[in-house]
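In: based on what follows, work out the 3D shape:
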Amino acid sequence: MLNPNLEDIQLTKDEYERYSRHLILPEVGLDGQKRLKEAKVLCIGTGGLGSPLLLYLAAAGVGTIGIVDFDIVDRSNLQRQIIHGTSWVNKPKIESAKSRILEINPACQVNLYETRLMSDNALEIIEPYDIVVDGTDNFPTRYLVNDACVLLDKPNVYGSIFRFEGQATVFNYQGGPNYRDLYPEPPPPGMVPSCAEGGVLGVLCGIIGTIQATETVKIILGQGNTLSGRLMLYNALDMTFRELKLRPNPERPVIEKLIDYEQFCGIPQAKAEEEKQKMALPEMTVTELKQLMDSGADDFVLVDVRNPNEYDIAKIDGSVLVPLPDIERGDGVEKVKELLNGHRLIAHCKMGGRSAKALAILKDAGIEGTNVKGGITAWSQEVDSSIPTY
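Out: Residues are numbered from 1 along each chain as shown. Have a look, this model is predicted:
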């Protein structure tokens, strides 16, 4: 309820003290703090963006916060997901987030939805909230959140991050554009790497997530100019902010219902093609590779198709680096031919996907090879635990 009956809302003595720096701001004041107390905000995801966002919404005095997440805390999350701590590794993220929120503000009502947001539950979960904040990292969920917000007429505070770049805006607010005006169609699966594949600067999440929190608070207060109709682009390496204008597309399709967003984004088709590609290639386990190497055989070349910085982190002794981008360009194909010199090819990557793609390209060039199932991650887990995982 973005326009509550403020006379019915009272602050406690503790709240007057807690929010004193808000109360003396003319743009917030007593009425604004009451609006924050009455507001209901739903955050989708407790990852890099959700972490700073949730911390600041709780500290600001947002009365009810909903959290949707089904993941557990992984050690690799701790570099950027600052709401979680080491003691919460392998435990549910939403429980970790709730614990931290209540430590910051015990008066906050925290509602947990430990589930994947899907077409069959999104409307029911989102409906009770005033504002939805999208902290997700995949296209199917972004389209789902957008369409649900359009159907329910809820503002959608959007952010995304990748490597050193981030963007933020507000969708579906006061007649402004929605996500489909920015991205009418999803990119082909695999074209945009995930943070797990491409990496992300940890502090970038704090910047974009805090901007999302700022926009959320402004919407609740009814103050300032929001990012609705404006896409803010941030480059951390250059320390630059740019802005693009966004307008509703009068020809965009009318959103009438929620659909199968995995299908819409081509995920099942891509997975089926990837499995088909893998099945067409010979595979070996890391245990079999270890046995081959221990046998003293010298009739093979082990090619690592990861990126150079990944190779610096962890490598299998005796492997040769030929990055997948080089193979895709063609010069890597020639390098592999030179390396083989009559030997057989065995290829690996982090988990087996990129090496399968590389082997498919090489097969089209007349070079047959065997893929290492599970890649160097499986090697670390099953063969040599001294090899770091990442």
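In: got a list of what the nearest residue to P193 once chain neighbours are set aside touches?
Out: Spatially, and ignoring its direct neighbours in sequence, P193 is nearest to F162 (7.7 Å; CB to CB, 6 or more residues apart in numbering). For every residue, glycine as well, the C-beta is placed using N, CA and C. Taking CB atoms under 8 Å, 6 or more residues apart in numbering as the definition of contact, the neighbours of F162 are 192-193, 195, 198, 200.
In: and F139, by the same measure?
Out: F139 sits next to 183, 186-187, 192, 261, 265 when contact means CB under 8 Å, 6+ apart.
In: which non-adjacent residue is nearest K350?
Out: Across the structure, with CB to CB, 6+ apart as the measure, the residue nearest K350 apart from its sequence neighbours is G375 (4.9 Å).
In: that neighbour: neighbour count?
Out: When counting by other CB atoms under 10 Å, one arrives at 24 neighbours for G375.
In: hang on, isn't it packed against H348?
Out: Yes - assessed by CB atoms under 8 Å, G375 is found in contact with H348 at 4.9 Å.
In: got any residues that touch both of the two?
Out: With CB under 8 Å, 6+ apart, G375 and H348 have common neighbours S355.
In: buried residues, the helix or strand harbouring D147. List them.
Out: For D147, the enclosing helix or strand under DSSP states H and E is helix 139-152. Taking 16 or more other CB atoms under 10 Å as the neighbour-count basis, helix 139-152 is seen to contain the buried residues 139-151.
In: stretch 319-332 too?
Out: In terms of neighbour count (16+ other CB under 10 Å), stretch 319-332 has its buried residues at 319, 321-324, 326-327, 332.
In: same question for stretch 26-43.
Out: The neighbour-count check on stretch 26-43 (16+ other CB under 10 Å) flags 28, 32-43 as buried.
In: near the nearest residue to L36 once chain neighbours are set aside, how many other residues are there?
Out: Across the structure, with CB to CB, 6+ apart as the measure, the residue nearest L36 apart from its sequence neighbours is G61 (4.4 Å). Other residues within reach of G61, judged by other CB under 10 Å, total 24.
In: for stretch 70-87, measure first residue to last.
Out: 18 Å (CA to CA, to the nearest Å).
In: so which residues of the stretch 101-250 of the chain form strands?
Out: Assignment of strands within the stretch 101-250 of the chain using DSSP state E, counting those that start in this stretch yields the ranges 109-113, 131-134, 156-162, 165-171, 230-235, 240-245.
In: and P4, which of those strands is closest to it?
Out: strand 131-134 (13.6 Å; CB to CB).
In: quick one: distance of the strand or helix carrying A358 to the chain centre.
Out: Counting by DSSP H and E, the element that carries A358 is helix 353-364. When distances are taken as CA atoms, centre = their mean, to the nearest Å, helix 353-364 is centred 26 Å away from the chain's centroid.
In: same for the very next helix or strand once past that helix, what does it pack against?
Out: The element immediately downstream of helix 353-364 (helix or strand, assigned by DSSP H and E) is strand 369-372. Of the remaining helices and strands, those touching strand 369-372 by 3 or more CB pairs under 8 Å, 6 or more residues apart in numbering; DSSP states H and E are strand 283-284, strand 344-348, helix 353-364.
In: got the contact list for the shortest one?
Out: For strand 283-284, contacts defined as CB under 8 Å, 6+ apart pick out 292, 346, 370-373.
In: before we move on, back to that, which of the contacts of F139 scores worst on pLDDT?
Out: Least confident by pLDDT among those: that is V192, with 76.
In: spit out the contact partners of that one.
Out: When contacts are counted by CB under 8 Å, 6+ apart, V192 is found next to 139, 162.
In: go again with 10 Å.
Out: 138-139, 160, 162, 186, 198 (CB atoms under 10 Å, 6 or more residues apart in numbering).
In: on that earlier part again, would you mind giving the buried residues of stretch 26-43 as a markdown table with pLDDT, distance to D120 and secondary structure added?
Out: Below are these laid out as a markdown table (pLDDT from 0 to 100; distance: CB to CB, whole Å; DSSP: H, G, I helix; E, B strand; the rest coil):
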| residue | pLDDT | distance to D120 | secondary structure |
| --- | --- | --- | --- |
| V28 | 97 | 39 | coil |
| G32 | 97 | 37 | helix |
| Q33 | 98 | 37 | helix |
| K34 | 97 | 36 | helix |
| R35 | 97 | 33 | helix |
| L36 | 98 | 32 | helix |
| K37 | 97 | 32 | helix |
| E38 | 97 | 30 | helix |
| A39 | 98 | 27 | coil |
| K40 | 98 | 22 | strand |
| V41 | 98 | 23 | strand |
| L42 | 98 | 17 | strand |
| C43 | 98 | 20 | strand |
